[in-house]
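Asker: Here is a sequence together with a model predicted from it:
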Amino acid sequence: QVHLVESGGGLVQAGGSLRLSCAASGLRVSSIPMGWFRRPPGKEREFVAALSRGGGNTSYSSSVKGRFAISRDYGKNTVYLQMNSVKPDDTAIYYCAANTRTGLAIGISAPFYDSWGQGAQVTVSS
């Protein structure tokens, strides 16, 4: 059974940094596409970042490109989202996602992913 558990959320001041972790079990993060999404208060879930199967390619939303970075640690079977220069608009619940079924390399839409974590709250104060 697949489990994704996010951690590292919290309160951070604008301009600061935070690193989210997504610990996986029941799958190998090295062999499947992984992604991060977020749901801002009162808004729909939106794409943040994706990492391809094998780790050769990444994709970011325009709102976080240049500030956030997605990566994975094969030994810890964990995916990270490094968040730098955060803004109040980055306030959201952040979700880790995995595609365990299709064999495609990378995806930026929520339906592409079939396994989700419970979410981690990130609040950015101005």
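Answerer: Received the coordinates, thanks.
Asker: show me where the chain has strands.
Answerer: Secondary structure of the chain, counting by DSSP state E: strands at 3-7, 10-13, 18-25, 34-39, 46-51, 58-60, 68-73, 78-83, 92-98, 115-116, 120-125.
Asker: Let's have the ones you listed in a markdown table, adding mean pLDDT.
Answerer: Shown next, in a markdown table, are these (pLDDT from 0 to 100):
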| stretch | mean pLDDT |
| --- | --- |
| strand 3-7 | 97 |
| strand 10-13 | 98 |
| strand 18-25 | 97 |
| strand 34-39 | 98 |
| strand 46-51 | 97 |
| strand 58-60 | 97 |
| strand 68-73 | 96 |
| strand 78-83 | 98 |
| strand 92-98 | 98 |
| strand 115-116 | 98 |
| strand 120-125 | 98 |
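Asker: I'd like to know which of these is closest to residue 104.
Answerer: Closest approach to residue 104 among the strands of the chain (Cβ to Cβ): strand 46-51, 11.1 Å. From N, CA and C alone the C-beta is placed, and that goes for glycine too.
Asker: ok, back up a step: export the strands of the chain to JSON lines and tack on distance to residue 107 and mean neighbour count?
Answerer: As requested, those are exported to JSON lines (distance: least, Cβ to Cβ, whole Å; neighbours: other Cβ atoms under 10 Å):
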{"stretch": "strand 3-7", "distance to residue 107": "15", "mean neighbour count": "17"}
{"stretch": "strand 10-13", "distance to residue 107": "28", "mean neighbour count": "13"}
{"stretch": "strand 18-25", "distance to residue 107": "16", "mean neighbour count": "19"}
{"stretch": "strand 34-39", "distance to residue 107": "7", "mean neighbour count": "24"}
{"stretch": "strand 46-51", "distance to residue 107": "6", "mean neighbour count": "22"}
{"stretch": "strand 58-60", "distance to residue 107": "9", "mean neighbour count": "17"}
{"stretch": "strand 68-73", "distance to residue 107": "13", "mean neighbour count": "18"}
{"stretch": "strand 78-83", "distance to residue 107": "14", "mean neighbour count": "22"}
{"stretch": "strand 92-98", "distance to residue 107": "9", "mean neighbour count": "23"}
{"stretch": "strand 115-116", "distance to residue 107": "13", "mean neighbour count": "18"}
{"stretch": "strand 120-125", "distance to residue 107": "21", "mean neighbour count": "17"}
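Asker: That's all I had, so thanks and see you.
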